[in-house]
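> A predicted structure for the sequence below; I have some questions about it.
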Amino acid sequence: MSSVNPEILQRALLREKAARKAAERILEDKSRELYLLTQQLKEANEKLQSGLTEKTTELQGVFDNLVDAYVLMDLGGNIIKLNDSAKELFGYDVPKESINVVKLIHKEEFNYAMSSFNELIIKGSFSDYKARVYTKNKGIRWVHINASIIRNGTTQPIGAQGIVKDITDQRAIEEQNKKLLNDLAKSNEELGEYAHVVSHDLKSPLRSINALVNWLREDYKNVLGKSGLENISLIELTLEKMEHLINGILNYSSLSNEVVLKNEDVDINGTIKDIENTIFIPSHIKIYVLQTLPIIKGDKTRLQQLFQNIITNAVSYIDKEKGRIEISFKEKETHYVFQIMDNGVGIEEEYFGKIFKIFQSLGNNKNSTGIGLSIVKKIVEIYKGEIWLESQPKVGTSFFFSLKKVIL
Amino acid sequence: MKGIVFTEFLELVESKFGLETVDTIINDSDLSSKGIYTAIGTYDFAEMLSLLTHLSTHTNISIDDLLLVYGEHFFDVLAASYPQLIDKYEDPIELLSSIENHIHVEVRKIYPEAELPTFEIISKSKTSLIMMYKSSRAMYNFGLGLMNKTFSHYNAKATILLDKIKEDGTEVKFSITKN
Ligand code: HEM
């Protein structure tokens, strides 16, 4: 070292000095850069923070404006938070006032409330809890509650939250509707009974008249003469028709009583056979069942009545030398659709709507009282179906009706 | 080029050849930095080239040999400054094959202005590695020095063959076999 030229040493020293200054300048620049970066980071952080607060306030707004009442409580039932709707409903200003949910439970529903609370703890939630609560200013209210447990992270339960709906008014309306329906059913029943009684009462004088007319004919055969006897016959025929009418009304009025409807398997093939054995079918008329008919759930008597009335109707309006009645059906997704076709006199289209109305009889047929088809319509309606027809005057008529597969 | 490459270089020159040699090569090279380097600065690579050329004339040692020695010295500098980067690897072949995808990637994060070569792996096994060095600076022998020291760092030995793909040394194939 000592042999080194001082000039060289001096130059080296100057270089080192300059390098040190350069290094200091670079570091100085770097720290300024760092400072600026820190500043920017801080700003970004602040922005994020305020964004977060904004979101939180936004959420708070949603929470406050929730239409339904929201209740937050700890596991001991102490209410921690109520939104505006909940404050309005229960009347407590939490957290200024402290209140435990146990105090809100109606005394008669304490057990129900406790078992629901157990469900909440075990399953983590309950829904459709409907019961009464005590409120501070609004008396006893009916509420609907869905609740769930709030967990710390994923495991530890720390509280519970519930959405509470005030269903007091809704319940009142429902109750009122139920009562109205009840009343309606009752008055319907009464009306049915009335019709029943009236028809019965009408029947006995009818029988008396019948008996009296009979005696008249027997006792005054000679006095009456030919035309007198003919008039007596006409009276008897009219009486017969009158009896049909009254029977019809009796039948119709007992239909509405849905309570007595049975729900059994009814083999329609058997039903048709029974009908053939029950009603009078002249030998020139034949019934053709085109396919095996289904077994359907329903009331056997009513279903027989349904088919029987249509078939009877068809029989009475057949005017051809060879009468045909064809029965078939189609299976649809929810319904069976039956078709009963005849080659009778047919019906003009303008009467299509009319024939299902009570006491509407088209021709002057002694077997037709005008009640048969209204009974048919009523039965179809009981089975949530529809009835309609296609007809060509002088050629024939097809009645179609649908029956819902399962009546719930 | 990073200042640390210059300061370490001049320090090595000083310890091997004395301060006078340092003074001479700085004076002989026409440097815009005037030979004033700090480890944290960044300087033109041409200055390194100029310093190397003058050192080579002055000492009669080839530039290749100078760079080899310098590379060996520089590994110690790196190992002292970035032990955590090197300690990640348990094997020299693993370390060398990670220069491109890990080590120099990290270097670029610390010094965005660093001028680094590329080492493309052609084939690799447990005991051998063939890589293609590419750099406009043609410091392949600096790389060879670094590699030699990488092996001795792990108490291992290797045979390393260089194959110049381009005459000027900007593209060199390294065939490394661990002994
Ligand atoms: C911890 C490990 C390493 C670090 C931190 C590191 C860092 C650096 C730095 C800072 C430079 C200078 C860049 C500039 O001047 O702009 C450099 C250049 C270089 N490094 Fe690495 N390096 C490492 C390992 C290696 C290894 C193991 C090799 C093996 C071949 C290598 C090959 C090179 C070469 C050849 C150059 C010269 C530049 C060129 O040829 O273009 N480095 N390295």
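Received it, and whenever you're ready, just let me know what you need.

> Name the nearest residue to A:N309, sequence neighbours excluded.
Excluding the flanking residues, the one nearest A:N309 by C-beta to C-beta, 6 or more residues apart in numbering or on different chains is A:G372, at 4.2 Å. Any C-beta I mention is one placed from the backbone N, CA and C, and that applies to glycine too.

> residues near the one you found, how many?
Neighbours of A:G372 under the rule other C-beta atoms under 10 Å in any protein chain shown: 24.

> do you know how far it is from chain B?
95 Å (C-beta to the nearest C-beta, to the nearest Å).

> ok, now which ones touch that residue?
By C-beta atoms under 8 Å, 6 or more residues apart in numbering or on different chains, the contact list for A:G372 reads A:248, A:309, A:312-313.

> Would you mind checking which of those residues is nearest to chain B?
Chain B lies nearest to A:N309 out of these, by C-beta to the nearest C-beta, at 92.0 Å.

> phi, psi of the closest one?
Backbone torsions of A:N309, given as degrees, to the nearest 10, read phi -60, psi -40.

> Distance-wise, check it relative to the ligand.
Distance, A:N309 to the ligand, using C-beta to the nearest ligand atom, to the nearest Å: 103 Å.

> In contact with that residue: list those residues for me.
For A:N309, the contact set (C-beta under 8 Å, 6+ apart) comprises A:372-373, A:375-376.

> How many residues are close by the closest residue to B:L10 other than its chain neighbours?
In this structure, B:L10 finds its nearest non-sequential neighbour in B:V22, 5.6 Å apart by C-beta to C-beta, 6+ apart. Neighbourhood size, B:V22 [other C-beta under 10 Å]: 24.

> helices or strands up against the helix or strand harbouring B:V22?
Using DSSP states H and E, B:V22 sits in helix B:19-28. Applying 3 or more C-beta pairs under 8 Å, 6 or more residues apart in numbering or on different chains; DSSP states H and E, one finds that helix B:19-28 contacts helix A:6-65, helix B:3-17, helix B:45-59.

> If you count contacts, what does the last one end up packed against?
Other helices and strands packing on helix B:45-59, by 3+ C-beta pairs under 8 Å, 6+ apart, are helix B:3-17, helix B:19-28, helix B:63-81.

> Show me the one of these that comes nearest A:N231.
Closest approach to A:N231 among the helices and strands packed on helix B:45-59 (C-beta to C-beta): helix B:63-81, 137.8 Å.

> The residue nearest to B:L10 touches B:E14, doesn't it?
Yes: between B:V22 and B:E14 there is a contact under C-beta atoms under 8 Å: 5.0 Å.

> What parts of chain A come near chain B?
Contacts of chain A with chain B, taken as C-beta under 8 Å from any C-beta of the partner chain, map to A:4-5, A:8-9, A:11-12, A:15, A:18-20, A:22-23, A:26-27, A:30.

> so how far is whichever strand or helix holds A:N222 from its chain's centroid?
Following DSSP H and E, one finds A:N222 within helix A:221-255. Chain-centre distance of helix A:221-255: 48 Å, with C-alpha atoms, centre = their mean, to the nearest Å.

> can the helices and strands packed on helix B:45-59 go into TSV with extra columns for distance to A:N65 and mean pLDDT?
Output for the helices and strands packed on helix B:45-59, formatted as TSV (distance: least, C-beta to C-beta, whole Å; pLDDT from 0 to 100):
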stretch	distance to A:N65	mean pLDDT
helix B:3-17	63	94
helix B:19-28	77	94
helix B:63-81	61	94
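
> Export the helices and strands packed on helix B:19-28 as CSV, with columns for distance to the ligand.
As requested, the helices and strands packed on helix B:19-28 are arranged in CSV below (distance: least, C-beta to the nearest ligand atom, whole Å):
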stretch, distance to the ligand
helix A:6-65, 15
helix B:3-17, 5
helix B:45-59, 8
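
> mind giving me JSON lines with those helices and columns for mean neighbour count?
Shown next, in JSON lines, are the helices and strands packed on helix B:19-28 (neighbours: other C-beta atoms under 10 Å in any protein chain shown):
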{"stretch": "helix A:6-65", "mean neighbour count": "12"}
{"stretch": "helix B:3-17", "mean neighbour count": "18"}
{"stretch": "helix B:45-59", "mean neighbour count": "17"}
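
> which of the ones you listed has the lowest average pLDDT?
Across those, helix A:6-65 has the smallest mean pLDDT, namely a mean of 83.

> roughly how far is that helix from the heart of the chain?
Using C-alpha atoms, centre = their mean, the offset of helix A:6-65 from its chain centre is 69 Å.

> which is the next helix or strand following it?
strand A:69-74.

> Which residue does the stretch 251-400 of chain A have closest to chain B?
Of all residues in the stretch 251-400 of chain A, the one sitting closest to chain B is A:E333 (65.3 Å; C-beta to the nearest C-beta).

> What degree of burial does A:L250 show, as a neighbour count?
When neighbours are defined as other C-beta under 10 Å, A:L250 has 18 of them.

> which ones are touching it?
Remark: with contacts taken as C-beta under 8 Å, 6+ apart, A:L250 is in contact with A:195-196, A:199-200.

> mind running it again at 7 Å?
By C-beta atoms under 7 Å, 6 or more residues apart in numbering or on different chains, the contact set of A:L250 is A:196, A:199.

> In chain B, what residue lies closest to chain A?
Closest point on chain B to chain A, by C-beta to the nearest C-beta, is B:T38, at 3.8 Å.

> how far away is that residue from the ligand?
B:T38 sits 14 Å away from the ligand, going by C-beta to the nearest ligand atom.

> Over to A:P393?
Counting by C-beta to the nearest ligand atom, the gap from A:P393 to the ligand is 107 Å.

> Which helix or strand contains the nearest residue to that residue once chain neighbours are set aside?
Spatial nearest neighbour of A:P393, chain neighbours left out: A:G346 (3.9 Å); criterion: C-beta to C-beta, 6+ apart. Per DSSP H and E: A:G346 is located in neither a helix nor a strand.

> A:G346: neighbour count?
A:G346 has 17 neighbouring residues, counting by other C-beta under 10 Å.

> And the pLDDT at it?
Note on A:G346: pLDDT of 89.

> Pull the most distant pair out of the residues of chain A next to chain B.
A:N5 and A:K30 (36.4 Å).

> how about the helix or strand containing A:W142: buried residues?
Element membership of A:W142, judged by DSSP H and E, is strand A:140-152. Judged by neighbour count (16 or more other C-beta atoms under 10 Å in any protein chain shown), strand A:140-152 contains these buried residues: A:141-145, A:147, A:149.

> Stretch A:170-190 now?
So for stretch A:170-190, counting by 16+ other C-beta under 10 Å, buried means A:R171.

> Other residues contacting the next helix-or-strand element following the helix holding A:N222?
Where DSSP H and E defines the elements, the next helix or strand beyond helix A:221-255 is strand A:264-267. Residues from elsewhere that reach strand A:264-267 (C-beta under 7 Å, 6+ apart): A:295-298, A:300, A:303.

> quick one on the thing from earlier: specify which member of the buried residues of strand A:140-152 is nearest to A:G225.
For these, the residue nearest A:G225 by C-beta to C-beta is A:W142; the value is 81.3 Å.

> could you say which helix or strand contains the residue nearest in space to the middle of chain B?
Centroid check for chain B by C-alpha atoms, centre = their mean gives B:F142 as the closest residue, at 3.4 Å. Using DSSP H and E, B:F142 maps to helix B:140-153.

> Tell me the buried residues in that helix?
Of the residues in helix B:140-153, B:140-151 count as buried by neighbour count, 16+ other C-beta under 10 Å.
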